[in-house]
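Trainee: sequence first, then the predicted structure:
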Amino acid sequence: MVIQSNMSPKAVVEIWEATAAIFEKYNILLTEKSMEATVDSDTLANLLTELNNIVDSSAATCIEGG
């Protein structure tokens, strides 16, 4: 699974606890609102890259639909 912008920080941390440090680094609260709704677009791209790197996930490791 790839962490995507339509996911909430709270849901991401519930699945991948190691991501909490990345959210803290970017001063992002663990809310139930999606990252795309709460994080500016310039920050969002870097945030998603770091989150997926820490959980070792990329589009290459996932299959369509899940």
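Mentor: Structure received.
Trainee: now do the same contact list for E36.
Mentor: S5, N6, L44 (CB atoms under 8 Å, 6 or more residues apart in numbering). From N, CA and C alone the C-beta is placed, and that goes for glycine too.
Trainee: the helix or strand where L44 lies - what's its average pLDDT?
Mentor: Assigned by DSSP states H and E, L44 belongs to helix 41-54. For helix 41-54, the mean per-residue pLDDT is 95.
Trainee: now do stretch 15-24
Mentor: Per-residue pLDDT values across stretch 15-24 average out to 96.
Trainee: contact partners of that stretch?
Mentor: M1, I3, P9, V12, V13, L29, L30, L47, E50, L51, I54, V55.
Trainee: go again with 7 Å.
Mentor: For stretch 15-24, the external contacting residues (CB atoms under 7 Å, 6 or more residues apart in numbering) are P9, V12, V13, L30, L47, E50, L51, I54, V55.
Trainee: so how far is A20 from the fourth one?
Mentor: Looking back up the chat, that one is L30. For L30, the distance to A20 equals 7 Å [CB to CB, to the nearest Å].
Trainee: then the third one?
Mentor: In this structure, V13 lies at 5 Å from A20, with CB to CB as the measure.
Trainee: looking at those two, which one has more neighbours?
Mentor: More neighbours surround V13 than the other of V13 and A20, with 17 against 14 (other CB atoms under 10 Å).
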